[in-house]
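Engineer: for reference, the sequence and a predicted model appear below.
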Amino acid sequence: MNNFKKIGMSALAASLVSTSAFAGELTASGSASVTMEGFSGTAVQTETALSMGDSVYLTGSTELDNGMTVSMSFELDGVNESGTSAYDDNSLTISSDSLGTIKFSAHGGSSASTALDTTAAGDIMDNFDDVITTAGGNTAAVQANLTKDAAPGDNSIYYTLPSMVDGLSVSASLSTSGSQTGSTGNNAIGYNAVYTGVEGLSIAYGIADIETGAAASDGDQTVMSASYAYGPVTVAYSNSDYDTGAANTEALKQEVSSYAVSYTVSDSISLTYGSETVESGLAGSIDAEYEKLSASYTAGGMTVTVTSAEGDNISHTTAANEDMEYWALGLSFAF
């Protein structure tokens, strides 16, 4: 029985090797992480949580006889939020120096606007979503980052024009699913331009027109970002705006302004400070403000990260339970 298994496995391995010789190269990589995090605040049920995550990435590519390159990639998550394994991001890309690059994404893709950094500080507000409070509820009322996911990226086509000006990249996208409201069947057409023609400087602008099938929630998203790196210091700024353009949907209007400063102490140590200000379209609301300070240490494929953050007026009011603090200690490996 054991010999039979060995023969079968050997035949399978031989067939895979034979196939790869004709189909191109297939490579595998992965990541694993452990995170300890906690919250504190006037109305927060103080607690510490431990979470783990792991992913396996497979990428393959081949060159056609006409010189075009075809590549694919997909991600397999060990455990998703529901506690089950998940087949995650997957895409197919066709590229040519003369024709540009076209990317098809069934899941985990980007629109022309969300492909840009919608917040320079790294979505600090996401750390404060769904926090358990002393009242037994949670912070579900905290407005989600609508500007990050307003234009859907699933079931999308993303096309980048061939380079015509050094440092300038122009792209367009068509997305056909996903929504800032959680419904499906939406369409989004977007465009962006990214300029990196000056050493250390990156400037980007993107816009997307979103059609949900209901005029009251149709809208547009605009993203602007800029960053400049000089020696060990990098400064970044971004502004992302989502507007439905409908009088009865103020809850879906949002503008996020963000900046970040990072300092590379050495090849293995870096420090980052970030800030986000979130303006809601809700009548009578005030701006929510977030700040974060993080430090990371890298040794080969291992990274240790320490993060401290705070959020003020997180539900856009001045109530006592609107201010919270967050901390996290993370350990991640790449292989």
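Structural biologist: Structure received. Just so it is clear, the structure is predicted and the values come from calculations on it, not from any experiment.
Engineer: show me what contacts residue 228?
Structural biologist: With contact taken as C-beta atoms under 8 Å, 6 or more residues apart in numbering, residue 228 is in contact with 200, 201, 202, 234, 235, 236. All C-beta spots, glycine's among them, are computed from the backbone N, C-alpha and C.
Engineer: how many neighbours does the fourth one have?
Structural biologist: Okay, so that is residue 234. Neighbour count for residue 234, taken as other C-beta atoms under 10 Å: 19.
Engineer: from residue 98, how far off is it?
Structural biologist: 34 Å (C-beta to C-beta, to the nearest Å).
Engineer: ok so, going back, now, the contacts of residue 228 that are in helices?
Structural biologist: Nothing among the contacts of residue 228 maps onto helices, per DSSP state H.
Engineer: wasn't residue 127 part of a strand?
Structural biologist: No. Per DSSP: H, G, I helix; E, B strand; the rest coil, residue 127 lies outside any strand segment and is helix.
Engineer: partner residues bridging the spatially closest residue to residue 68 that is not a sequence neighbour?
Structural biologist: For residue 68, ignoring the flanking residues on the chain, the nearest one in space by C-beta to C-beta, 6 or more residues apart in numbering is residue 96 at 4.7 Å. Applying DSSP bridges to residue 96 gives these bridge partners: residue 100.
Engineer: mind listing what residue 96 touches?
Structural biologist: Under the criterion of C-beta under 8 Å, 6+ apart, the neighbours of residue 96 are 67, 68, 69, 162.
Engineer: could you check the pLDDT of the residue lying closest to the first one once chain neighbours are set aside?
Structural biologist: Right, the one you point to is residue 67. Distances taken as C-beta to C-beta, 6+ apart place residue 96 nearest to residue 67, at 6.7 Å, with adjacent residues excluded. Residue 96 carries a pLDDT value of 93.
Engineer: from residue 235, how far out is residue 96?
Structural biologist: Distance of residue 96 to residue 235, computed by C-beta to C-beta: 36 Å.
Engineer: low-confidence regions, the stretch 101-250 of the chain specifically.
Structural biologist: For the stretch 101-250 of the chain, the stretches with pLDDT under 70 are 129-153, 177-186, 212-217, 245-250.
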